[in-house]
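*Asks:* build the 3D model from these lines:
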Amino acid sequence: MADAMLAALAAGTLVVTDAAAGETVTAWDPTKKDATVTDKTSAPQADWSTFLQDHLARDGNGVYQRHADSSHKDRLTGSSACFGMIGDTYYHLLVGTGSQASRIGV
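*Replies:* Alright, predicted model coming up:
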């Protein structure tokens, strides 16, 4: 999953959401010569439990669907998703689009 995240960062397709704050931003690579900060956009504000229920795909038995690299499958896009903590804030990371997710085997 780390390789997929780095590739998405380089391609400008890594999307980071803070559901509690209701903010989404497309991550950018500050080491690139032409890198620019992207503006935050608003996202529906929700508690994390509700957000994850809405965004993580489950099978008919309620088990989370995962890609080959063990990343979660985003229900809305089919993309790889990861839920984690950076510092003391939780984030939902969306890697690429559905077609990119299947291409990179995630």
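*Asks:* Y90 belongs to a helix?
*Replies:* No: in this structure, Y90 is strand, not part of a helix, as judged by DSSP: H, G, I helix; E, B strand; the rest coil.
*Asks:* please give the number of neighbouring residues around it.
*Replies:* By other Cβ atoms under 10 Å, the residues close to Y90 number 17. To be clear about C-beta, it is placed using only N, CA and C from the backbone, and glycine gets the same treatment.
*Asks:* from K32, how far off is it?
*Replies:* According to Cβ to Cβ, to the nearest Å, Y90 and K32 sit 27 Å apart.
*Asks:* for this structure, which residue is closest to the average position?
*Replies:* Most central in the chain under Cα atoms, centre = their mean is L94, positioned 1.6 Å from the mean C-alpha point.
*Asks:* from memory it sits against T77, does it?
*Replies:* Yes: L94 lies in contact with T77 (Cβ atoms under 8 Å); the separation is 6.9 Å.
*Asks:* surely Y91 meets V16?
*Replies:* Yes: counting by Cβ under 8 Å, V16 is a contact partner of Y91 at 5.4 Å.
*Asks:* what about the residue nearest to S70 when sequence neighbours are not counted, distance to H72?
*Replies:* In this structure, S70 finds its nearest non-sequential neighbour in M1, 6.9 Å apart by Cβ to Cβ, 6 or more residues apart in numbering. Distance of M1 to H72, given as Cβ to Cβ: 10 Å.
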